[in-house]
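# Need coordinates for the below:
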Amino acid sequence: MDEETIKRVYKQLTSSWNERNAQGMASLFTESGESIGFDGSLSKGPEEIATHLAPIFRDHPTAPFVTKVNEIKFIGDKSAILRAIAGMIPPGESDIKPELNTHHTLVLEYREDEWKIVLFQNTPAQFHGRPELVEQMSNELREAL
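Have a look, this model is predicted:
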């Protein structure tokens, strides 16, 4: 078990988002894998995930992710959790938009000689009433640029 392999799966996920590649993202999930989007929408399985993402990428100028992996935990030999923070730089802009900061959580499972995503959750990091935490997260992400 290797943290770098887990990080690579996450990098593939976020790179697919940045490239607006719905199939690329969906292919990283198990057959029963789930994706919970920034807006709370739930998609289950690669086909539904791709179907959900395709019109988003087609109809909206999605902002690319800037990410920082904070933690990877292995649970036994065949499961892992990755926690990361992510920000977005909207098209035409040069800085992270703090109100789009998010926590990313991935649960992964080792199946048939590869790591696949069982759950990807994209939770807004708004830190209501604590603007200093929004700024701290934004600064961490700026360092990753």
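
# what separates the residue lying farthest from the centre of the chain from residue 82, distance-wise?
No residue in the chain sits farther from the centre than residue 129, which is 24.8 Å out by Cα atoms, centre = their mean. Distance, residue 129 to residue 82, using Cβ to Cβ, to the nearest Å: 28 Å. The way it works is simple: take the backbone N, C-alpha and C, and place the C-beta from them, glycine included.

# Quick check: phi and psi on the residue farthest from the centre of the chain?
Main-chain torsions, residue 129, degrees, to the nearest 10: phi 80, psi 0.

# nearest spatial neighbour of the one residue sitting closest to the centre of the chain, skipping sequence neighbours?
Centroid-nearest residue in the chain, with Cα atoms, centre = their mean: residue 104, separated by 5.0 Å. Among residues not flanking residue 104 along the chain, residue 84 sits closest, at 4.4 Å (Cβ to Cβ, 6 or more residues apart in numbering).

# Surely the one you found and residue 65 touch.
No. In this structure, residue 84 is not within contact of residue 65 by Cβ atoms under 8 Å, at 9.3 Å.

# Check which helices and strands the helix or strand of the chain with the lowest mean pLDDT sits against.
One helix or strand of the chain scores below all others by mean pLDDT, DSSP states H and E: helix 131-144, with a mean of 94. Using 3 or more Cβ pairs under 8 Å, 6 or more residues apart in numbering; DSSP states H and E, the elements in contact with helix 131-144 are strand 65-75, strand 79-88.

# State the helix or strand in which residue 107 lies.
Element membership for residue 107 (DSSP states H and E) is strand 102-111.

# what comes up buried for the next helix or strand after that strand?
Following strand 102-111 in sequence order, the next helix or strand is strand 114-124 (DSSP H and E). Using 16 or more other Cβ atoms under 10 Å as the test for burial, strand 114-124 gives 115, 116, 117, 118, 119, 120, 121, 122.
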